Every structure is written in C-alpha cells, then in structure tokens.
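In: Sharing a model prediction with you, sequence too.
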Amino acid sequence: MTKKIRVRFAPSPTGGLHLGGVRTVLFNYLFAKQNGGDFIVRIEDTDQTRFVEGAEAYIFETLKWCGIVPDESPLHGGPFAPYRQSERKANYRQYAEQLVIDGYAYYAFDTPAELEVMRTVYKTAENPSPQYNHALRDKMHNSLTLTPDEVATLLAAGTPYVIRIKMPLNETVSFNDMIRGEVNFNTSQVDDKVLLKADGMPTYHLAVVVDDYLMKISHAFRGEEWLPSAPVHLLLWDYLGWKNEMPEWAHLPLILKPDGNGKLSKRDGDRLGFPVFASDWTDPKTNETTIGFKERGFLPEAFVNLLAMLGWNDGSDQEIFTMDELIAKFSMERVHKGGAKFDYEKAKWYNHEWIKRKPTKELELSIQKYLAEAGITVTNDALLAKAIELVKDRCTLLTDFVQQASFFFQLPAQIDIAAVQPKWDEKKNMFFNELIRAYELSSVWESTDLETEFKELAAANQLKPGELMLPLRIMLVGGKFGPGVFDIAAAIGKNETVARIKKVLGLLHS
Ligand code: GLU
C-alpha cells in the first residue's frame, strides 16, 4: 500500500513571515493538493525564549490571505492534535531517554559557566569556536565521563541536565533529496546537539523528528538553511528505529538578494524599498511595523504566482498561473537547485497582470478601502466599478488606484495649469465655451457621442482636436494621465464635466 501523502509546514512563531517561508508553505500545499494529500501546519514553539506574541495568529492570517487552507493545524484541529509542540511536551522525553539507554545519546550536566570555560580553554586559531563534539565530549561533565553511580546521584539530586546526541566519528550519512539528489555528510563535522533541554522541552532537532514520525509525514519540504541539520535528523530516524518511515526530503533553494549574493533579508527590503514579509508585521516589543506585500497593494493571486515562479517553472513560457493550475502542474523535479534572485520589478509585473485579469467586482472592496484611507469616500458603486474598469490596466499595485482614480470621485487635487497656459488663446477659449453649451444640451451622455460632438465642434472652429484634448484632460483630471478623456467625461457625468471645464476656464482667465 502506498503511503498517504502528508506534508507539513512547521514554522517557529518568531515574527513576520518572510516570502521564503510562504514559498515553503506554497510548495508543500501544491504537492499535497496535487496528490490528494493532507497539508498540516505544526507550530514549532519549543524555544520559549524566541516566542513572540501574535506571531502564530499572523501566520494563519497570511495563509488565509493566500488562499491556503490547512487540513490540520492548531486552528483547524485534526487527528494528531495538538499541533503546537509546546502542548506536546510530554511526548518527547521518552524518546530522548530511549536514545540514552541505547547508547546514542547521553546526559550532560555542564553548567553555563563550564560551557563558557570550554569555549575559552579550547579556543585556537584553527578552531575559534570550539563545539561540544566528539573531540571535547570526553573532557566534559556528562554520563560518558561520569560513572553510572555518579550519574544516578546527580539525577536523584535534581541536578539540571540536557540530553545530547552522541554523533559518531567519521561516518558518512546520506539521503536522497528530491531536488539535490544524493547528499552526503561526514558525522565528525557535526556537534553533539542538545535534544532535550534542562526545562524538559525538546529542541527543534528532537521534536521535528518525533512529530514527523507521529504525524505520519510522508514528505518534508523546508528551506535550504536546514540542510546542515539533516545529518542529525537522519541519525535520529535511524537510532529511534523509524528509518523506514522517514519522509522524503526536499530542501528548497534560497531566495536571494537582487544585488549581490546571499539570502534576501528584511534589511535588504528596507534598504531597497520593497516588502519582504507577506503582510504587515508589528514587532510587539519595539512596536515597529514592517510593511508587507498585502498592504503594499499586492493581490494574493499575484503573490502566490510570483512565489511559485521563484525557483520553479513548468518548462514552458507560461508565467501566469492560478492556484488550480499550479496544483495541476507543480513538480518538485522542476524546482531549481540554485537560489532564485528576487526581482521586485518582476514581482510588480505579476501584480499588474493579475489586476488586469481580476474581475472588477472582486477588486471593488479593496480599492474602496484604499480610497477611504486616502480620505476619498465612494458613494456611487456604479462609478466605482466604471473607474476601476477604466484604470485597472494602468495600476501595478492596488494602491495605485488612489492616484489613478481619485478624480472620478472628487475634484482633481491639483490642476496642472502650466501644461495648458503657454498655448492657450482666445480661439481655444471660445471652443471650450461652445463645448460647454453643446454638452449642456446633449441628450445622450456616452463616450463616443461626446467625442463626436467634440470633434465636430473643433472642425467647425478650424481647430485640431489634438490640440484640444490635453486642455480637456487637464480640466477633468488635473494632469497628463488617466484613461480616455471621453470615457472619463462619460463616467463622471454631465454636471461634473461641465463644472470642471468651467472651473479651469476661470483659472486660465484669472
Ligand atoms: N521550525 C523550523 C522552522 O522554523 C522548521 C524546519 C523544518 O521544516 O524542519 O523553519
């Protein structure tokens, strides 16, 4: 019987969700849905010192915004609950103790002061930061160097201890990564990681293995930064006797800075002026808010699409994918090994494409919100729909609608008189006065009729329509931008069009 596909996203709730984290979620989700499997969110919060208030809720809100619904999670429940590791504390100790009994792990009683001494005493030019490992474990205060009686006495006295894995010397451990193929590690390179802490909480290394096992995870996809931890996990799967149950792994390539090398960080975003987090994150300690893609004006469809394309493509030229298409076409085999450079201009291109594609109806609510934030109240829903329809292909971000569409709902904030004044003359003045009269008498108020009237009147006055369009645009919009000027006149209506023309004529004469 083939194993049911079960994947997990296992974030530590320590702050805002980096776009790399959301891409990890997405690849997990796409793989699960493609294979009729389960997508689980497990909160890895065993490091209490890194716990950040609000970070878990933020993760779930972000997933919701992206349209990703977990099958199992602390919020959604499920057969393997609880899904928060801090609530599963009682599960882990037995496995750590079993490892000690089997000789794969040991108790270490070293105090923080003793560890500090170790780091100073064994520091050399070749080894500037000595680690608790095969070379030093024999010199430390642990169940490998103490007699069983001494260990029993210390334990009975309640002496604080941790349990460390005993990394074997000079062995090769290997696994087959779905993206990288065979990956090998020499065990001597890895220190004796703590598995169970003095407070009885497991570390990430123990908890991730135990929970992937207990939750019957079939595939584990995570960021490349976890690759160095893989040998510890491989050995734990083996030592705990679960090797045949081990999930298949894929370590996803990093998302790189647009300039230079290295992982894209929040600092790069601040420096280059673009978001790195999925949505706004306010650090509860400093109260500092970091802008997210959502608030910057990205559509979730675009965000998901651009993330999918960071390190993957379907082998064709297609760049725009819906979530359903991604679910159908995604394949781990086509994920690149190398890191993907983040390109904010390209990210905006995706958003622009998605704004154009998105039905106007579905844009209305969020555009109205952005307009309201800019102090523009929309009272006419039909006008809102019309305005969105007319300017959507000019907007790269949802926030662009404020600048591109506000003149539909209020007088232009500024009138670029200087664009008209130098070429203004009495003939043009007469033309616009006649246009006012003609428009006031119009019985139909449609874009094409308004244009015909305008052109006929221009011809009658022996003026080129081209010379009159810019003044009309400045009158209605305030500047040299916006969609077709007769479309705008048709949308804002007769009274408003005439009033705006009159107002600017007045300005030109004063
Ligand atoms: N808790 C780890 C993190 O914060 C999960 C790594 C993994 O998926 O194994 O990313």
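Out: Yep, it's here.
In: Only C-alpha atoms from now on, for both contacts and neighbour counts.
Out: Noted.
In: Identify each buried residue in stretch 76-90, please.
Out: In terms of neighbour count (16 or more other Cα atoms under 10 Å), stretch 76-90 has its buried residues at 81, 82, 83, 84, 85, 86, 88.
In: try stretch 301-319
Out: So, applying 16+ other Cα under 10 Å, buried residues of stretch 301-319: 301-313.
In: and the gap between residue 92 and residue 246?
Out: Separation of residue 92 from residue 246 (Cα to Cα, to the nearest Å): 17 Å.
In: just the helices in the stretch 151-300 of the chain please.
Out: With helices called from DSSP state H, counting those that start in this stretch, the stretch 151-300 of the chain shows them at 204-214, 230-239, 266-272, 293-296, 300-308.
In: residues making contact with the first one?
Out: Read that as helix 204-214. Residues from elsewhere that reach helix 204-214 (Cα atoms under 8 Å, 6 or more residues apart in numbering): 44, 46-47, 80, 85, 92, 95-96, 195-196, 229, 232-233, 236-237, 242, 245-247.
In: near the ligand, which of these show up?
Out: The residues of those that also fall near the ligand, by Cα under 6 Å from any ligand atom, are residue 44.
In: of the contacts of helix 204-214, buried ones?
Out: For these, buried by 16+ other Cα under 10 Å: 44, 46-47, 85, 92, 95-96, 195-196, 232-233, 236-237, 245-247.
In: circling back: of the contacts of helix 204-214, which belong to strands?
Out: 195, 196 (DSSP state E).
In: Make JSON lines out of the buried residues of stretch 76-90 and add pLDDT.
Out: Converted to JSON lines, the buried residues of stretch 76-90 look like this (pLDDT from 0 to 100):
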{"residue": "81", "pLDDT": "98"}
{"residue": "82", "pLDDT": "98"}
{"residue": "83", "pLDDT": "98"}
{"residue": "84", "pLDDT": "97"}
{"residue": "85", "pLDDT": "97"}
{"residue": "86", "pLDDT": "95"}
{"residue": "88", "pLDDT": "97"}
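In: Out of those residues, which two sit at the greatest distance?
Out: Distance extremes for the buried residues of stretch 76-90: the farthest pair is 81 and 86 at 11.8 Å, using Cα to Cα.
In: count of residues packed around the closest residue to residue 10 other than its chain neighbours?
Out: For residue 10, ignoring the flanking residues on the chain, the nearest one in space by Cα to Cα, 6 or more residues apart in numbering is residue 42 at 4.7 Å. Residue 42 is flanked by 24 other residues according to other Cα atoms under 10 Å.
In: For residue 105, what are phi and psi?
Out: Main-chain torsions, residue 105, degrees, to the nearest 10: phi -150, psi 170.
In: So which residues on the stretch 201-350 of the chain come close to the ligand?
Out: Residues of the stretch 201-350 of the chain lying near the ligand (Cα under 6 Å from any ligand atom): residue 222.
In: picking that back up, export the helices of the stretch 151-300 of the chain to JSON lines and tack on mean pLDDT and distance to residue 27?
Out: Shown next, in JSON lines, are these (pLDDT from 0 to 100; distance: least, Cα to Cα, whole Å):
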{"stretch": "helix 204-214", "mean pLDDT": "98", "distance to residue 27": "17"}
{"stretch": "helix 230-239", "mean pLDDT": "98", "distance to residue 27": "19"}
{"stretch": "helix 266-272", "mean pLDDT": "92", "distance to residue 27": "22"}
{"stretch": "helix 293-296", "mean pLDDT": "96", "distance to residue 27": "19"}
{"stretch": "helix 300-308", "mean pLDDT": "98", "distance to residue 27": "7"}
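In: Looking at these, which one is packed in the most?
Out: helix 300-308 (a mean of 22; mean count of other Cα atoms under 10 Å).
In: Let's have the buried residues of stretch 76-90 in CSV, adding distance to residue 457.
Out: Converted to CSV, the buried residues of stretch 76-90 look like this (distance: Cα to Cα, whole Å):
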residue, distance to residue 457
81, 75
82, 76
83, 73
84, 73
85, 76
86, 77
88, 80
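In: just those residues now: which is nearest residue 159?
Out: The nearest member of these to residue 159, counting by Cα to Cα, is residue 86 at 22.9 Å.
In: separation between the residue in the stretch 201-350 of the chain positioned nearest to the ligand and residue 230?
Out: Going by Cα to the nearest ligand atom, the ligand is nearest to residue 222 of the stretch 201-350 of the chain, at 4.6 Å. Residue 222 sits 11 Å away from residue 230, going by Cα to Cα.
In: same question, residue 55
Out: 26 Å.
In: Please identify the residues of the stretch 1-150 of the chain in proximity to the ligand?
Out: 10, 11, 12, 44.
In: And for the residue of the stretch 51-200 of the chain found nearest the ligand, nearest residue in space, chain neighbours not counted?
Out: Going by Cα to the nearest ligand atom, the ligand is nearest to residue 85 of the stretch 51-200 of the chain, at 10.1 Å. Take residue 85 and drop its neighbours on the chain: the residue closest to it by Cα to Cα, 6+ apart is residue 44, 5.4 Å away.
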